[in-house]
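> Quick one: sequence plus predicted model below, questions after.
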Amino acid sequence: MDSVDIEERLPEILTAEADRYELPVFSAQHIAESAVRKGFWRQRKVLLLAAVGLLGTTGAGGAVIAAAGHEAHDRVTVTFRLNETFPYPPTAPPAGGVQEWLRNRVHAEGLKDVDITVRQDRFAVAVKGRAADLERLRMLGLPGHLSLLRVWSSGTVPTSAQHCTELQKFGPALQLCDSSGTAVNVSGERDNADLHVVEAHAEQRSAGPDGWTVVTRLDAAGAQSLSNLSGQVIGAHERMWLSVDATVYGQPALTDAARDGVVEFGSGFTKQEATDLATILMTPGYDALANADTTVTVTGG
C-alpha cells in the first residue's frame, strides 16, 4: 500500500472509528487514539497524521497526536504540562519528587523501556515508552485520588438507549441512566476527595477478558465517609458513584464489607486495566497534574 492509497483511505478509517461512538459521547480523541493503538499506518513508512487537534472528554485536558515514520518498534512520548488556563494555575510540583513518584509507578506496573524527563522551567513531564503501552503511559500522570459522588435521576428520559452508555478510554462503559432509562445528574460537590486508599488489588468476578474489577480498602476516615454517604443515598432514584480524578467509573458494588471501608468498582475491566488502576490508587501523586494538558507524540525507533 503506497502513500496515495493510505491518504485516500484515511477519511474512511477515521469515519469508521467515529461510527463506533454515539453523540454526545463522540470526540476526536477517541478516534485518533484508537487509530494510533491499531497502528494501521505501519505497512509503510509514510506520514498519516500530523498534529491532529484533540479535546479530552474526561477532564484530562487537551491533547495532540502526531505520527511520522512508523515501523514495528514505534515509541511514543506522552508529555504532561500544567494547565495554566485556570483562574488560579496550580503550583509546579518538585521535579525530583515527580520523577521518583513516576519511576515507582513504572516499576509497580511492570512497564518496560520507559524514560522519564521532568523539566522544572515551564513545568513539563515527558514519559517515553512503547506505542503498544500508550493508554498505560497516559495514565501514569494521573494523581490517582478516589472520590465518592452522590447522583440522582434527572427526570429526563434520553432519546435513545444508546445515550445511556458512555464509552471510556479505560475500563468499563459508564451507565448514565437508572433501571428505568432515566438520565442521572452527578453532584459537583466532592467533600471526600481526599479518601485515602490503604489497599487495592485486581480480582476476577466473571469469565471473559472484561470480567475483572478493582477492590479497595479505605482508611478509618474514608470508611466513615463511605458509611455517611451510603446512609444519605435513599430511594430508587439515588445512588453513589466512584471517580478517580476526573474520570467517573459508576456505581460501586457494595457488600457487608463496606462497613469496614471496602469499596469494589463495578466489573468490566480487563486484568491489565484493573491491575493498573489498583497500582495508581496505591501510588497517589500530585494534584497539580489533575487537569494537565497532554501531548502524545508517536515516532519511529
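Ah, there it is.

> Which stretches in the chain count as helices?
According to DSSP state H, the chain carries its helices in the segments 3-18, 28-38, 95-109, 134-139, 220-232, 271-282.

> who are the neighbours of the last one, in terms of helices and strands?
The helices and strands touching helix 271-282, judged by 3 or more CB pairs under 8 Å, 6 or more residues apart in numbering; DSSP states H and E, are helix 95-109, helix 134-139, strand 197-204, strand 212-218, strand 238-244. Every residue, glycine included, has its C-beta placed from N, CA and C.

> Ok, which of these comes nearest K169?
helix 134-139 (6.5 Å; CB to CB).

> Next, the buried residues of that closest one.
L134, E135, R136, L137, R138, M139 (16 or more other CB atoms under 10 Å).

> thinking again about what came up before, would you turn the helices and strands packed on helix 271-282 into TSV with distance to G261 and mean pLDDT?
Converted to TSV, those look like this (distance: least, CB to CB, whole Å; pLDDT from 0 to 100):
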stretch	distance to G261	mean pLDDT
helix 95-109	22	95
helix 134-139	24	92
strand 197-204	8	95
strand 212-218	4	94
strand 238-244	13	81
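
> how about CSV for the ones you listed, with distance to D293 added?
Formatted as CSV, those follow (distance: least, CB to CB, whole Å):
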stretch, distance to D293
helix 95-109, 16
helix 134-139, 12
strand 197-204, 26
strand 212-218, 27
strand 238-244, 19
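
> Could you look over these and pick the most buried one?
When these are scored by mean count of other CB atoms under 10 Å, the highest mean neighbour count falls to strand 212-218 (a mean of 23).

> worst-scoring helix or strand of this structure, pLDDT-wise?
strand 49-55 (a mean of 32; mean pLDDT, DSSP states H and E).

> among the helices of the chain, which gets the worst mean confidence?
For those, the stretch scoring lowest in mean pLDDT is helix 28-38; its value is a mean of 47.

> Now A202: closest residue in space, sequence neighbours ignored.
Leaving aside its chain neighbours, A202 sits nearest to A274 (3.6 Å; criterion: CB to CB, 6 or more residues apart in numbering).

> The one you found: how many residues sit nearby?
26 (other CB atoms under 10 Å).

> just R205 next, same as before
Counted by other CB under 10 Å, the residues lying close to R205 total 17.

> my guess is it contacts F269, does it?
No - using CB atoms under 8 Å, R205 is not in contact with F269, being 9.4 Å away.

> Identify the contacts common to the two.
Counting by CB atoms under 8 Å, 6 or more residues apart in numbering, the residues touching both R205 and F269 are W212, T213.

> Make TSV out of the buried residues of helix 134-139 and add distance to A92.
Formatted as TSV, those follow (distance: CB to CB, whole Å):
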residue	distance to A92
L134	25
E135	26
R136	24
L137	21
R138	20
M139	21
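
> List just the nearest of the residues you listed to V298.
L134 (8.3 Å).

> how close does that closest one sit to K128?
As for L134, its distance to K128 is 11 Å (criterion: CB to CB, to the nearest Å).

> and what of A202?
26 Å.

> Also L176?
36 Å.

> Neighbour count: these two, which is higher?
Set L176 next to K128 and count neighbours by other CB under 10 Å: L176 wins out with 20 against 17.

> pretty sure Q99 is touching D115, no?
No - Q99 is beyond contact range of D115, at 10.9 Å (criterion: CB under 8 Å).

> What lies in contact with stretch 81-97?
By CB under 8 Å, 6+ apart, stretch 81-97 touches 61, 118-120, 122-125, 286-295.

> ok, now with 10 Å
The contact list for stretch 81-97, computed with CB atoms under 10 Å, 6 or more residues apart in numbering, reads 60-62, 98, 100-101, 117-126, 285-295.

> What of stretch 108-116?
By CB under 10 Å, 6+ apart, stretch 108-116 touches 73, 75, 77, 98-103, 105-107, 125-130, 133, 136-137, 139-140, 272, 275-276, 278-280, 282-283.
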